[in-house]
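>>> sequence and computational prediction follow.
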2 protein chains.
Amino acid sequence: MNATSTIRPLRKDAARHREQLLAAAVQVFDQHGLDASVTEIARVAGVGIGTLYRRFPSKEALIDTLVHEVLNATIQMARDAATSRDGTGLEKFLMASGAYQAEHVGCLPRLWNTDHEMVKLARRLIARLLLDAKRHHRIRHDLTSTDVALAMFSINGVLEAMHPLAPDAWRRHLDVLIAGMRPAATDLPHRALSPGSLDKVLEMRKSAS
Amino acid sequence: MNATSTIRPLRKDAARHREQLLAAAVQVFDQHGLDASVTEIARVAGVGIGTLYRRFPSKEALIDTLVHEVLNATIQMARDAATSRDGTGLEKFLMASGAYQAEHVGCLPRLWNTDHEMVKLARRLIARLLLDAKRHHRIRHDLTSTDVALAMFSINGVLEAMHPLAPDAWRRHLDVLIAGMRPAATDLPHRALSPGSLDKVLEMRKSAS
DNA sequence: CCCTATACGGAGAGGTCACTCCGTTTAGAC
DNA sequence: GTCTAAACGGAGTGACCTCTCCGTATAGGG
């Protein structure tokens, strides 16, 4: 998977610079958004632009690597959450992934645009968490995995709006949202999205990237 | 307020072109985001770039005009919603402003960045809607106007993510969110944001523009 | 119909950005 | 210590974007 492992290990300094670049990219993108210039990233990393381009073939590839990392972490959190079979997994996952994404706000606009199998895997894991939560009557039965996706998009919206001055605001928002997902909450109007609509959206974002 | 009315009315063709430019800007920004080029906007409007710059001193000014319009409409919707004194005003407002913002997704990133008195006015009106809803026990008493702001940010997040393939997804999200705001919903953890935190965020976004 | 203030179009100036190229430096095997 | 493959820095290139300028066209009053 990783190009560095298939062919030849990077020289020690090169590997270090690669990590410095990734860390700098997270920081710079968080502060200035994805429009931040590669020059700024190289400066923060303490290397030249040439080094950045030797390690990543394009700015887009650098962003992809970052998104890949975030998605990977998200998947791991979904797996961790699935170990508690008491129906609280979904809530634990939303809390954990929200906290992680709050540290990677800069990458969020591209998070679900990737073609990768990882998106499908993440969605399968989330669907499983949802099922377990329903079984234990932690959430109402008419909710779909698309509703969970909407919850995550909405957290992104709060994160981007309140970043970085109120970095915990998303927790409050999620509290209200989860309260609305409980069976005890008042009845919802029948507006659940059709099953395939999220797929269409993700497909379209992928090709638009 | 409007520069055209204080000094001299625009010539008829100029006024028409101005409206064409605004309409084209809404459409182009919706499709390509605020990074869309002014050349593209002028092309869609059917005028030259020179005309665009004679009508609006800069791209930023054009965006500001658009944001101004959206904010104005939002304030009007808040006023309309306040006429129903039965506690449903807040929900009506969230529905109406969501529907309107769904038609102006391109402007959303700047919606609350403006310095204008209008932002303060909008927040006062929303606070009044909130109070009325509490009085009629439509929503729980521990919610603050900051929570309503978070709800609006979260709708923006859903709109941006699902645009334009599932333009009604935000309604479903808002349904769940409002269910979580009802007094019947399960108790929330005590995580309400401090009263001034939203002010700080808006202040910061304003200066960052 | 004429006249002129007003508006028009779009080439080009000036700046920024992503990305390349090459002379120089260095890690690390022997 | 020597040597070479690997990595380094950053000036330079070309594309693209916002905004200006000026010769041309037109609305609309008299």
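On my side now, so go ahead.

>>> is it true that A:Leu198 touches B:Leu165?
No - assessed by Cβ atoms under 8 Å, A:Leu198 is found out of contact with B:Leu165, at 9.3 Å. The way it works is simple: take the backbone N, C-alpha and C, and place the C-beta from them, glycine included.

>>> have a look at these two and say which one is more surrounded.
Between A:Leu198 and B:Leu165, A:Leu198 has the larger neighbour count (other Cβ atoms under 10 Å in any protein chain shown), namely 25 against 15.

>>> which stretches of chain A have low pLDDT?
Chain A contains residues with pLDDT under 70 at A:1-7, A:186-188, A:190, A:208-209.

>>> secondary structure element holding the residue in it that DNA strand D sits nearest to?
Going by Cβ to the nearest atom of the strand, DNA strand D is nearest to A:Gly50 of chain A, at 2.0 Å. Using DSSP states H and E, A:Gly50 falls within helix A:49-55.

>>> flag every buried residue along the helix or strand following that helix.
Per DSSP H and E, the first helix or strand lying C-terminal to helix A:49-55 is helix A:59-82. For helix A:59-82, a neighbour-count test (16 or more other Cβ atoms under 10 Å in any protein chain shown) marks A:59, A:62-67, A:70-71, A:73-75, A:77-78, A:81-82 as buried.

>>> repeat that for stretch A:18-37.
Using 16+ other Cβ under 10 Å as the test for burial, stretch A:18-37 gives A:18, A:20-22, A:24-30, A:34, A:36.

>>> hmm, it touching DNA strand C?
Yes - for stretch A:18-37 and DNA strand C, the contact criterion (Cβ under 7 Å from any atom of the strand) is met by A:35-37.

>>> okay, stretch A:128-139 in PDB with CA atoms only?
Presented in PDB, the C-alpha positions along stretch A:128-139 are these (Å, rounded to 0.1, in the frame of the first residue of the first chain):
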ATOM      1  CA  ARG A 128     -23.500  -2.200  12.300                       C
ATOM      2  CA  LEU A 129     -23.200   0.300  15.200                       C
ATOM      3  CA  LEU A 130     -26.700   1.600  14.300                       C
ATOM      4  CA  LEU A 131     -28.200  -1.900  14.300                       C
ATOM      5  CA  ASP A 132     -26.700  -2.700  17.700                       C
ATOM      6  CA  ALA A 133     -28.000   0.600  19.100                       C
ATOM      7  CA  LYS A 134     -31.500  -0.200  17.800                       C
ATOM      8  CA  ARG A 135     -31.400  -3.600  19.300                       C
ATOM      9  CA  HIS A 136     -30.800  -2.200  22.700                       C
ATOM     10  CA  HIS A 137     -33.400   0.500  22.200                       C
ATOM     11  CA  ARG A 138     -30.900   3.300  22.600                       C
ATOM     12  CA  ILE A 139     -32.200   5.000  19.400                       C
END
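
>>> skipping its backbone neighbours, what lies nearest A:Gln27 in space?
In this structure, A:Gln27 finds its nearest non-sequential neighbour in A:Val44, 6.3 Å apart by Cβ to Cβ, 6 or more residues apart in numbering or on different chains.

>>> surely that neighbour meets A:Val26?
No - in this structure A:Val44 lies outside contact range of A:Val26 using Cβ under 8 Å: 10.0 Å.

>>> neighbours around A:Thr39, how many?
Residues near A:Thr39, counting by other Cβ under 10 Å: 11.

>>> show me the contacts for it.
Residues counted as contacts of A:Thr39 (Cβ atoms under 8 Å, 6 or more residues apart in numbering or on different chains) are A:Ile49.
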